[in-house]
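> Give me coordinates for this.
(one chain, ligands or ions: 1)
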Amino acid sequence: MNPLAQELNRILEGTIVDKLLSDYGRRMYFPKGIISQSAEAKQKATKYNATIGIATESGSPMYLPSIYSMFAHDGLTQNEIFPYAPTAGEMQLRKLWYEDMLRKNPTMKDKKVSLPIVTSGLTHSISLVASLFLEKNDTILVPDMYWGNYNLTFVEQREAKMIQFPLFSNEALNIDGLEKAIDSLDSQKINLILNFPNNPSGYSPKISEAQRLCEMLTKKAFEGKHLLVLLDDAYFDLFYEENLYRESLFSMLCDAHEHLFAVKGDAATKEEMVWGFRIGFLTFGAKGLTDSHYEALTKKTMGLIRGSVSSCSKPSQNLLIKAMQSPHRLEEKEMNVKQLAKRYHLLKTALGKYAHNKHLVPLPFNSGYFMAFVCAGDAEALRIHLLDTYKVGTISIQGTYLRLAFSSVDLEDIEDLVTLVYKGADEVFGA
Ligand SMILES: Cc1ncc(COP(=O)(O)O)c(C=O)c1O
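The predicted structure is shown next:
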């Protein structure tokens, strides 16, 4: 094993991270070579700096005017666009995202967590966590309502096994079902991913459910389990009902117990509505972890980033920095969230008219982009019928559920969408 990896492992020895790391994660390190030599040269090489791996001219990055001209004249400088970003992301962005996390999750204040690491979107964050912590044949618990991409990341990439637990029981969050699933596993190591607001159901826990869920997970740590809880917060901040827990579960879990390691995966992609910018984040938290533990883990994560995408998009990061400093951003965001909330409420009203329909039964939803129906027959057959007959696109999942993204249907079309979906269902599942 590389001595740098050995050193990071020594720093992490005895911590929950040490107990959870995969072999790959254990081998991971961040090489000193080029980065430290470049840093040294930046200080001392006043004559010629022949260390930088980009093309420069008179100290500035070379660029093609036909590319630079696409950026606003009073926008980003050449230096903010063309060179590489640091491996863990622009420091200013990492700090801004952390401060914004505290604004959105006020109970995180005074809790010791790592500084967010910039990733190339939340998919990348999830993949990094899988690499660091999942071993071949490990199990990872996922709700039965889950984002299909987990199959590629956990099962195909890491050869782990996904074990599903039912997300709902009697229209409420199935905390007992999750506890049962945890208890049914032989291993001391428990890997779990939770995604709220949920894709595809659109559900977020009520305050009482969030508290009970976190208490149950903490109890498991007290009982001797070693838990990795990955919080996929892709749709964070899109809450449409009053009684919901409006912080990430990370707030409660990041200092719950020495044997409960919480990882917050979140992203600008959806939160700042910059899907194609490919900017996500990873933040770690567990009771008792110190700055040097977080630094060691950050170095391992940087090793993974350096060995895969090398670094994340520089112009995206700098555009985001500027946007996050803008006095208008929060107001603009609120306006968009209000738009989505209006669609949500109209959709609820429209669905209310079909409360007795047996062909499509909506699952509980209160947040995010989506809602999903349980279908009385083959959801895929209904999807194809809606597409062919009414030119309406929906997503069928596991042959049972039909998902509607109200995030991508204008307010004035919501009622018609519901009418067509129920009409189609009556035609396919009718009689
Ligand atoms: C639940 C969930 N997690 C993660 C992601 C990935 O987001 P990103 O575009 O930041 O990779 C998505 C995107 O659809 C998602 O639905």
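
> Please name every helix or strand in contact with the lowest-mean-pLDDT helix or strand in the chain.
Of the helices and strands making up the chain, the lowest-confidence element is helix 33-44, at a mean of 80, by mean pLDDT, DSSP states H and E. Counting contacts by 3 or more Cβ pairs under 8 Å, 6 or more residues apart in numbering; DSSP states H and E, helix 33-44 is packed against no other helix or strand. Heads up, the C-betas are built off the backbone N, CA and C, glycines and all.

> Residue 251 reaches residue 107, doesn't it?
Yes - counting by Cβ atoms under 8 Å, residue 251 touches residue 107, with 4.7 Å between them.

> of these two, who's got more company?
Neighbours around residue 251 and residue 107, counted as other Cβ atoms under 10 Å, are more numerous at residue 251. The numbers are 26 against 12.

> which residues touch the more buried one?
Contact partners of residue 251, counting by Cβ atoms under 8 Å, 6 or more residues apart in numbering, are 105, 107-108, 111.

> send the alpha carbons of stretch 78-86 over as PDB?
The C-alpha trace of stretch 78-86 is given here as PDB (Å, rounded to 0.1, in the frame of the first residue of the first chain):
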ATOM      1  CA  GLN A  78     -10.300  34.200 -18.400                       C
ATOM      2  CA  ASN A  79      -8.700  33.000 -15.200                       C
ATOM      3  CA  GLU A  80     -12.100  32.100 -13.800                       C
ATOM      4  CA  ILE A  81     -13.000  30.000 -16.900                       C
ATOM      5  CA  PHE A  82     -10.100  28.300 -18.500                       C
ATOM      6  CA  PRO A  83      -7.700  26.800 -16.000                       C
ATOM      7  CA  TYR A  84      -8.300  23.700 -14.000                       C
ATOM      8  CA  ALA A  85     -10.200  24.000 -10.700                       C
ATOM      9  CA  PRO A  86      -8.600  22.600  -7.500                       C
END
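
> could you point out the longest helix in the chain?
Across the chain, the longest stretch assigned as helix under DSSP state H is helix 329-352.

> who does the helix or strand following that helix touch, helix- and strand-wise?
From helix 329-352 onward toward the C-terminus, using DSSP states H and E, the following helix or strand is strand 360-362. When contacts are defined as 3+ Cβ pairs under 8 Å, 6+ apart, strand 360-362 packs onto strand 370-375, helix 414-429.

> who in this protein is up against the ligand?
Where the chain comes near the ligand, counting by Cβ under 6 Å from any ligand atom, the residues are 121-123, 147, 195, 199, 232, 234, 267, 269, 275, 280.

> For the stretch 101-250 of the chain, just list every one of the strands.
Residue ranges of the strands in the stretch 101-250 of the chain, as given by DSSP state E, counting those that start in this stretch, are 117-119, 139-143, 161-165, 168-169, 172-173, 189-195, 226-232.

> And the pLDDT for the residue nearest to residue 414 when sequence neighbours are not counted?
Once its chain neighbours are removed from consideration, residue 414 has its nearest residue in residue 346; the separation is 4.8 Å (Cβ to Cβ, 6 or more residues apart in numbering). At residue 346, the model reports a pLDDT of 98.

> next one: residue 431
For residue 431, the model assigns a pLDDT of 60.

> can you list the weak-confidence ranges in this structure?
Along the chain, the parts satisfying pLDDT under 70 run over 431.

> okay, now the domains of it?
Structural domains of the chain, as assigned by automatic domain parsing, span the residue ranges 8-28+87-325, 330-429.

> gap between the two ends of the first one?
Its first and final residues considered, domain 8-28+87-325 spans 35 Å by Cα to Cα, to the nearest Å.

> what about it, distance to the chain center?
7 Å (Cα atoms, centre = their mean, to the nearest Å).

> The shortest one now?
A distance of 23 Å separates the centroid of the chain from that of domain 330-429, by Cα atoms, centre = their mean.

> how many neighbours does residue 68 have?
By the other Cβ under 10 Å criterion, the neighbourhood of residue 68 contains 14 residues.

> ugh, wrong one, I meant residue 168
Residue 168 is surrounded by 18 other residues when neighbours are defined as other Cβ under 10 Å.

> how about the helices in the stretch 101-250 of the chain?
With helices called from DSSP state H, counting those that start in this stretch, the stretch 101-250 of the chain shows them at 122-133, 149-150, 175-183, 207-222, 250-253.

> on that earlier part again, so which of the helices and strands packed on strand 360-362 is the most packed in?
Mean neighbour count, computed with mean count of other Cβ atoms under 10 Å, is highest for strand 370-375 among the helices and strands packed on strand 360-362, reaching a mean of 22.

> and the next element down the chain from that one?
Where DSSP H and E defines the elements, the next helix or strand beyond strand 370-375 is helix 379-390.

> and that next one, what other elements does it pack with?
Helix 379-390 sits against strand 395-397, strand 401-405, helix 414-429, with contacts defined as 3+ Cβ pairs under 8 Å, 6+ apart.

> Format the helices and strands packed on strand 360-362 as CSV; extra columns: distance to residue 314.
Below are the helices and strands packed on strand 360-362 laid out as CSV (distance: least, Cβ to Cβ, whole Å):
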stretch, distance to residue 314
strand 370-375, 32
helix 414-429, 39
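
> roughly how far apart are the closest residue to residue 316 other than its chain neighbours and residue 216?
Nearest-residue entry for residue 316: residue 277, 3.8 Å, with adjacent residues in sequence omitted and distances by Cβ to Cβ, 6+ apart. According to Cβ to Cβ, to the nearest Å, residue 277 stands 36 Å off from residue 216.

> next one: residue 10
Computed as Cβ to Cβ, the residue 10 to residue 216 distance reads 34 Å.

> Could you check which of those two is surrounded by more residues?
When residue 10 and residue 216 are compared on other Cβ under 10 Å, the one with more neighbours turns out to be residue 216, at 14 against 10.

> on that earlier part again, going by neighbour count, which of the contacts of residue 251 comes out on top?
Counting neighbours by other Cβ under 10 Å, residue 108 comes out on top of the contacts of residue 251 with 23 neighbours.
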